[in-house]
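coordinates only, sequence not included:
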C-alpha cells in the first residue's frame, strides 16, 4: 500500500491497480480480470507457451512473441465493446513500457487509422517565478513517441493554469497534431468537472468524427448534478475518524475515501476525514477520537496497530458513536466485543496471535464460492492464492438494520481476505447482544454483524467501498453518514 496505494478488487476477483476503481466510478462499467494485465503476466504467459512447445522450439523474442501476447490481451479485454479505451501506464521511454508501445504501434497499423486513435497525456509545466508555461516537455515527449513509430492524434495537456491559444498553436506545430486536438486539461476544483471541461474543448466530437461514429451529443446531465451537489449549500459538516495503519499514503484507502465523499454528495453534507494512525491511539489514548461524529476501521493485514484499532472500536461502542468496520475492521470489532462484553480474556484473531485461548477469528479451511464450487486453504498455502476474492452473495437477516439499509434480502459485495469469524463463538457473542446480520452464500460464514442496542454499529467482512459510485453512492455509506449527522446534531443540541 505504501508503494502503489490500494489494491482494487474487481467483481470476478482480480487484484488490480486503483486506476480500475476510477474507471468503474466514472463509467459505471464493471471491470473484469481481462481489463488489467501487467508485464509479469505477459512474460509468464509467453514462458508457459514456450514450455508447452507452442513455438515448436523456435527462438522466443520480444518481437513478435511478447508483443503478440500483449495484443491478444488488449483484444480480449475489449470484448464486444464498440470502443475500448486502452491505457499504457508509465512514461514514454521507460524500458518496461517499450514492448507495450510497440504492440500499440502494431495494433494501429493492423486496425487502420479509422479504427485506432492515439491519445497522449503530457505535462505543460507553469514556471511561477517566470510567470509562463513551458511546452518543451510536451514536445520532447512526443518526439520520443514518434521515434518509436507512434504519432499521437490527440494531446491532453495537463497544466495548473490556462493554456493560451498561442501555446496550443506552438504545441501543434512542433508535434504534428491538429490544433483542435491539443486539449488543455487544467487543474479543477473538482474531478467531477473534468468530463464537462473535455467536452467544452471538443474532445468527444473529435473522437467520434475520427471513428466515423454517428451518435447524439453527449448527455452529461448526471455529472452536472454531481457537481451541483458537491458545490451546493450543505446541511453541515461531519468528521469521520478513520483508524488505520497506512496513513503515510492515503491512496491506500482511495476507494474508501471516495465512498465517504459519495455519501456526502447523497446527503448534501461535507465529510471531513481524520486519518488516524492506530499506533497513535496505542501511544496516546483516545483523545484524538473525541471530535469524531463517526468512527471507521478499514481493512488491512498484519498486527501493527491492532490494539489501537480495538481501542477505537471500544470507544465507539461505549460512547454510542456510529461505527463501521470493514474486513479487518469487523474482526477487531468482534475481538473487542469478546474481550470486554463476553469477558473472554485474551480473545484475538489467529492472524495476530496463533496461540490465543479464544480464537474469535481464524483461518477457515474450506468455503463455497458464488458458483457453488468449493475452495480450500491451510496455513502453508500461498497467501495470494488463499483469499476469498471478488463478488460473493450475502444473505441479510430480515429483521436487521442492514436489510432495511440495502432494501434487499440478498446482496453481492466484493471480498479480499483470508481469515473468517469462528462460528464456535457465535452463541456467546450473540447471547451477549451481538447480531449476525449477514451470511455467506451457503450460510456458513459470517458476512455482517451489528449491535441492535447501539444507534449505528455495523461491521462487514467484504469491501462495500469498491461498488460505491459518485452517481448514486452506496446505501451502507449513505446510512453511515446519516447516522453521523444525527449523532452530531444530538451533541450540538
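Sure thing, it's come through. Since the model is a prediction, treat every value here as computed from it, not as a measurement.

so residue 24 belongs to a helix, correct?
Yes - assigned with DSSP: H, G, I helix; E, B strand; the rest coil, residue 24 falls within a helix.

near the residue lying closest to it once chain neighbours are set aside, how many other residues are there?
Closest residue in space to residue 24, ignoring its immediate chain neighbours: residue 31 at 5.5 Å, by C-beta to C-beta, 6 or more residues apart in numbering. Where C-beta positions appear, they are placed from N, C-alpha and C, glycine not excepted. If you count neighbours by other C-beta atoms under 10 Å, residue 31 ends up with 21.

and the gap between residue 31 and residue 177?
With distances taken as C-beta to C-beta, to the nearest Å, residue 31 is found 30 Å from residue 177.

next: residue 105.
Applying C-beta to C-beta to residue 105 and residue 177 gives a distance of 17 Å.

between those two, which is the more surrounded one?
Taking neighbours as other C-beta under 10 Å, residue 105 and residue 177 compare with residue 177 leading, 22 against 18.

make sure that one is indeed in a helix.
No - counting by three-state DSSP, residue 177 falls outside a helix, being coil.

so it touches residue 157, yeah?
No - Residue 177 is not in contact with residue 157 according to C-beta atoms under 8 Å; the separation is 10.3 Å.

okay, and the common contacts of the two?
Counting by C-beta atoms under 8 Å, 6 or more residues apart in numbering, the common neighbours of residue 177 and residue 157 are residue 171.

before we move on, the earlier item: helix/strand/coil for the residue nearest to residue 24?
Going by three-state DSSP: residue 31 is coil.

how about it, what does it touch?
10, 11, 14, 16, 20, 23, 24.

do residue 41 as well
Applying C-beta under 8 Å, 6+ apart to residue 41 gives the contacts residue 73.

residue 275 too?
Contacts of residue 275 (C-beta under 8 Å, 6+ apart): 242, 244, 247, 250, 253.

and residue 352, how far from residue 362?
On the measure of C-beta to C-beta, residue 352 and residue 362 end up 11 Å apart.

strand partners (parallel or antiparallel) of the one helix or strand residue 240 maps to?
Secondary structure assignment for residue 240, by DSSP states H and E: strand 237-244. Applying DSSP bridges, strand 237-244 is found paired with strand 270-277 (parallel), strand 294-297 (parallel).

okay, buried residues for the first one please.
The one in question is strand 270-277. Of the residues in strand 270-277, 271, 273, 275, 276, 277 count as buried by neighbour count, 16 or more other C-beta atoms under 10 Å.

show me which helix or strand of this structure is least confident by mean pLDDT.
Lowest on mean pLDDT, DSSP states H and E among the helices and strands of the chain sits strand 366-368, with a mean of 51.

show me where the stretch 301-450 of the chain has its strands.
Assigned by DSSP state E, counting those that start in this stretch, the strands in the stretch 301-450 of the chain fall at 323-326, 347-349, 358-363, 366-368, 374-376, 388-396, 410-417, 419-421, 435-439, 446-450.

buried deepest among those, which one?
Of all the strands of the stretch 301-450 of the chain, strand 323-326 carries the top mean neighbour count, a mean of 28, counting by mean count of other C-beta atoms under 10 Å.

who touches that one?
Under C-beta under 8 Å, 6+ apart, the answer for strand 323-326 is 256, 294-299, 313, 316-317, 331-333, 454, 456-460, 462-465, 476-477, 480.

kindly report the same for stretch 388-400.
By C-beta under 8 Å, 6+ apart, stretch 388-400 touches 9-15, 367, 369-370, 375, 402-403, 406, 408-418, 435-441, 443, 447-448, 450, 462.

state the number of residues packed around residue 345.
For residue 345, using other C-beta under 10 Å, the count is 10.

and for residue 81?
9.

can you classify it as helix, strand or coil?
Three-state assignment for residue 81 (three-state DSSP): coil.

now it: phi and psi?
phi -70, psi 150 (degrees, to the nearest 10).

so how far is residue 5 from it?
Per C-beta to C-beta, residue 81 is found 27 Å from residue 5.

residue 129 too?
Counting by C-beta to C-beta - residue 129 and residue 5 are separated by 32 Å.

so those two - more neighbours on which side?
Counted by other C-beta under 10 Å, residue 129 and residue 5 do not tie: residue 5 has more neighbours, with 19 against 5.

how many neighbouring residues does the closest residue to the more buried one other than its chain neighbours have?
Among residues not flanking residue 5 along the chain, residue 251 sits closest, at 3.1 Å (C-beta to C-beta, 6+ apart). Residues lying near residue 251 (other C-beta under 10 Å) number 15.

residue 251 contacts residue 7, correct?
No - with contact defined as C-beta under 8 Å, residue 251 does not reach residue 7; the gap is 11.0 Å.

need the overlap of contacts for the two.
In contact with both residue 251 and residue 7: residue 18, using C-beta under 8 Å, 6+ apart.

where does the stretch 1-150 of the chain dip in pLDDT?
Across the stretch 1-150 of the chain, residues meeting the criterion (pLDDT under 70) sit at 1-4.

need the helices for it, in chain order.
19-27, 39-52, 67-78, 98-111, 136-147 (DSSP state H, counting those that start in this stretch).

for residue 90, find the nearest of those helices.
When these are compared by C-beta to C-beta, helix 98-111 sits nearest residue 90, at 8.2 Å.

next one: that closest one to chain centre, how far?
29 Å (C-alpha atoms, centre = their mean, to the nearest Å).

elements contacting that helix?
Applying 3 or more C-beta pairs under 8 Å, 6 or more residues apart in numbering; DSSP states H and E, one finds that helix 98-111 makes contact with helix 39-52, helix 67-78.

just the angle for it relative to helix 67-78, thanks.
Helix 98-111 runs at 70 degrees relative to helix 67-78, counting by axes from the mean of the first three to the mean of the last three C-alpha atoms, to 10 degrees.
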